[in-house]
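Novice: sequence first, then the predicted structure:
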Amino acid sequence: MEVAIRKMGNSQGVLIPKPILAQVGLEGRADLQVRDGVIEIRPLRRDPRAGWADDARRVAEHGDDAPVWPELPNEGDDALVW
């Protein structure tokens, strides 16, 4: 698809059609890089576990970190040697 490079304030830009943005999952913010002379625009890849350590600390501070289920021993567990 051929697109026009347009003046946008002190910069220049390209308008990306909404269906193309939806097709690649871009909305709000994106990762923009140049690699081997090619401009790449990709969805931001966030760490799915970001903030887990802070959340775990907060839960522990409130005493909500106890097991939900009581310990469920198996028959014969007391005979096992570890």
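Specialist: Perfect, I can see it now. Numbering: from 1, shown residues only.
Novice: what ranges do the strands span in this protein?
Specialist: In the chain, the segments counted as strands under DSSP state E are 6-8, 11-13, 30-35, 38-43.
Novice: what residues of the second one count as buried?
Specialist: So the one you mean is strand 11-13. Judged by neighbour count (16 or more other CB atoms under 10 Å), strand 11-13 contains no buried residues. Quick note: C-beta positions are derived from backbone N, CA and C, even for glycine.
Novice: residues touching that strand, excluding its own?
Specialist: Contacting residues not belonging to strand 11-13 are listed as Ile5, Arg6 [CB atoms under 8 Å, 6 or more residues apart in numbering].
Novice: list the neighbouring strands of it plus their orientation.
Specialist: strand 6-8 (antiparallel) (DSSP bridges).
Novice: repeat for the last one
Specialist: Strand 38-43 has the following strand partners under DSSP bridges: strand 30-35 (antiparallel).
Novice: model confidence over the strand it pairs with, on average?
Specialist: Strand 30-35 comes out with an average pLDDT of 94.
Novice: is the closest residue to Leu26 other than its chain neighbours bridged to anything, and to what?
Specialist: Nearest in space to Leu26, with sequence neighbours left out and distances taken as CB to CB, 6 or more residues apart in numbering, is Pro43 at 5.6 Å. Here Pro43 sits in beta bridges with Ala30, as judged by DSSP bridges.
Novice: just the pLDDT for Pro43.
Specialist: At Pro43, the pLDDT value in this model is 87.
Novice: tell me how many other residues crowd it.
Specialist: Close neighbours of Pro43, defined as other CB atoms under 10 Å, add up to 14.
Novice: ok, now which ones touch it?
Specialist: Contacts of Pro43 by CB under 8 Å, 6+ apart are Val24, Gly25, Leu26, Ala30, Asp31.
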